[in-house]
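Peer 1: structure for the following, please:
(one chain, ligands or ions: 1)
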Amino acid sequence: MGGSEFYRPATLLSNRHSAGRTFHVIVDELISVASFPVHLSVAMSASGVCATCLLVSGVATPSEVVLYFTLGTMGGVTPDVDAEGSTPLRISFEMLSLLGASLFMFSLGSNLSVLELCLVWLMVFFSLRYGLFHAFHRLTVHRGVFHTIPAAFFCGFLTATIAHRLGGMGALQAWIAGAFVTFGYLVHLILDEIYSINLYGAQMKRSFGTAFKIFAPRSPMASLLLYVALFVFWQFTPDTRTFVATFTSVQFWQHIETRLIPHNGWVRNLRLVDTQKQ
Ligand SMILES: [Zn+2]
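Peer 2: Below you'll find the predicted structure:
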């Protein structure tokens, strides 16, 4: 009895210590996680630069560039779909469901009436938004299997396959679409890791190594399944030859190099266009 009286202050002291530590960990965790607006703006900027390169090199048309830019931006917010009840989660779900439903509807083409197409769109949208993603959310842990490099490639493969097989896009365009999703996704993972480095104290935060990884230790089974899915989906992806040939060609990189900075004076070409119009 006397012993318990003796130990009480020590227990209180340790409780206060652990409360302080918990608070410190929570603050640390909040600062170490890049917020949704940060992810959105970085993904938009990175995708915008890459899409512009495709436009100036003549690989993509202006309308294709808009699609690639949108897909890259979406890839940049997708890894946080496993975050607990957050705004990015809701927005990501809605964006992905909208895109999925629209692509499916477009793939059906002109064989159905407008009313039937609208009903198909609604059915796909609601089953994605409240069915599939809800199940995903229940089954996943944050920074688990979605915050891995294979997940980035899986989303790219999935996009390329859907764009080619359902969206009717050519192999090159479908692969560029997939590459933009993977690129945006990887930018997100790298950004999360950058945020987990405490630049002032030059030390790693607790979350370091939880974003950019090849395997999710907390979800070993899901990670294994992801690799299996990656292998299976590879069989359905479009032909890679034109994609590889385009981006390994010397002409493409020379084109980018020559158009990187203005050679005839700033905005001179813009003035030329205006003169021609008059
Ligand atoms: Zn994240």
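Peer 1: can you pull out the strands in the stretch 1-150 of the chain?
Peer 2: When assigned using DSSP state E, counting those that start in this stretch, the stretch 1-150 of the chain turns out to have no strands.
Peer 1: so where's it shaky on pLDDT?
Peer 2: Along the stretch 1-150 of the chain, segments meeting pLDDT under 70 span 1-34, 82-89, 136, 139-142.
Peer 1: can you name the residues of the stretch 101-250 of the chain that neighbour the ion?
Peer 2: Applying C-beta under 5 Å from the ion, we find that the stretch 101-250 of the chain lies next to the ion at D192. All C-beta spots, glycine's among them, are computed from the backbone N, C-alpha and C.
Peer 1: tell me which residue of the stretch 101-250 of the chain lies closest to the ion.
Peer 2: D192 (4.4 Å; C-beta to the ion).
Peer 1: just give the nearest non-adjacent residue to that residue, would you?
Peer 2: Leaving aside its sequence neighbours, D192 sits nearest to A211 (C-beta to C-beta, 6 or more residues apart in numbering; 3.4 Å).
Peer 1: gap between the two ends of stretch 242-257?
Peer 2: This stretch, stretch 242-257, spans 21 Å end to end (C-alpha to C-alpha, to the nearest Å).
Peer 1: contact partners of that stretch?
Peer 2: 53, 56-59, 170-172, 175-176, 179 (C-beta atoms under 8 Å, 6 or more residues apart in numbering).
Peer 1: tally of neighbours for Y195?
Peer 2: By other C-beta atoms under 10 Å, 20 other residues sit near Y195.
Peer 1: hmm, back to that, what's the helix or strand for the residue of the stretch 101-250 of the chain closest to the ion?
Peer 2: D192 is located in helix 171-195, with elements delineated by DSSP states H and E.
Peer 1: would you mark the buried spots in that helix?
Peer 2: Using 16 or more other C-beta atoms under 10 Å as the test for burial, helix 171-195 gives 171-189, 191-193, 195.
Peer 1: nearest residue to W234 other than its sequence neighbours?
Peer 2: W234's closest residue in space is F157 (C-beta to C-beta, 6+ apart), at 6.3 Å.
Peer 1: which residues does that neighbour contact?
Peer 2: 178, 230, 233-234, 237.
Peer 1: if you set the cut-off to 10 Å instead, what comes out?
Peer 2: 175, 178, 181-182, 229-238 (C-beta atoms under 10 Å, 6 or more residues apart in numbering).
Peer 1: my guess is F106 contacts L117, does it?
Peer 2: Yes - judged on C-beta atoms under 10 Å, F106 makes contact with L117 at a distance of 9.0 Å.
Peer 1: so these two - more neighbours on which side?
Peer 2: Neighbour totals were compared for F106 and L117, and L117 leads with 17 against 13 (other C-beta under 10 Å).
Peer 1: and the more buried one, what is it in contact with?
Peer 2: Contacts of L117 by C-beta under 10 Å, 6+ apart are 104-106, 108-111.
Peer 1: of those residues, keep whichever come out buried.
Peer 2: 104-105.
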